[in-house]
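K.L.:
have a look at this prediction, sequence included:
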Amino acid sequence: MSTTNAKQAADGKPKSSTPSSQPQNNNPPLTAAEKQWLKAHHGDEYHFLREQGLSIYKEEDRAEGRSILRAFMEEDEDEADPDDGNGEEENQFLRDLEEDPTSHVADYHFSAKELEWIEAHYRHSGQFLLSYGLKPFDDEDCREGKAMVQQMMEG
């Protein structure tokens, strides 16, 4: 069944084949949350639309892009485990690894409380160690870094 026929079947009314010059009420502009999701996953609307083979210069394409984006977001929510509660942490962890493969290699040297402190001040353990000239893949440097974190947390 074509999408036009599907739309007709849904409400029993034939849809006009001429594009409307006004935006459709069922596809409003992107919300702030949708823009944030779009930026996190695709950079911006222009690049997202290009990935979908659509043009930012055509309102019809932009409306279709909003529909696609909302479907992606819904699918993303469906995949997240609602009981887990740390989906965003996992996403940040993966983004850190993609950006810098050494970002979390030393995490096992630090306690959860120390990692929390490091994240608040340095983003991740790799950045913390590197900022003090220590190597995140060197056990001796990691032990030295751990001692530094403990002193900083005390003081």
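P.N.:
Noted; the coordinates are in hand. Residues are numbered from 1 along each chain as shown.

K.L.:
distance from the longest helix seen in the chain to the middle of the chain?
P.N.:
Identified as the longest helix of the chain according to DSSP state H is helix 59-79. Taking CA atoms, centre = their mean, to the nearest Å, one finds helix 59-79 lying 14 Å from the centre of the chain it belongs to.

K.L.:
tell me the helix or strand right after that helix.
P.N.:
helix 87-99 (DSSP states H and E).

K.L.:
any idea of the angle that following helix forms with helix 59-79?
P.N.:
110 degrees (axes from the mean of the first three to the mean of the last three CA atoms, to 10 degrees).

K.L.:
counting contacts, what elements does the helix or strand following helix 87-99 pack onto?
P.N.:
As assigned by DSSP H and E, the chain's next helix or strand after helix 87-99 is helix 112-122. If contacts are counted by 3 or more CB pairs under 8 Å, 6 or more residues apart in numbering; DSSP states H and E, helix 112-122 sits against helix 125-131, helix 139-154. (Glycine included, C-beta is placed from N, CA and C.)

K.L.:
which one of those helices has the most crowded surroundings?
P.N.:
With neighbours taken as mean count of other CB atoms under 10 Å, those reach their highest mean count in helix 125-131, at a mean of 22.

K.L.:
hey, C-alpha coordinates of that one in PDB?
P.N.:
Provided in PDB are the C-alpha atoms of helix 125-131 (Å, rounded to 0.1, in the frame of the first residue of the first chain):
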ATOM      1  CA  SER A 125      40.700   9.400  34.000                       C
ATOM      2  CA  GLY A 126      42.800   9.500  30.800                       C
ATOM      3  CA  GLN A 127      42.500  13.300  30.600                       C
ATOM      4  CA  PHE A 128      43.300  13.700  34.300                       C
ATOM      5  CA  LEU A 129      46.500  11.600  34.000                       C
ATOM      6  CA  LEU A 130      47.600  13.200  30.800                       C
ATOM      7  CA  SER A 131      47.200  16.700  32.300                       C
END
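
K.L.:
in the longest helix of the chain, which residues are buried?
P.N.:
Neighbour-count burial for helix 59-79, counted by 16 or more other CB atoms under 10 Å, picks out 62-66, 69, 72.

K.L.:
now stretch 98-114
P.N.:
100, 102-107, 109-110, 114.
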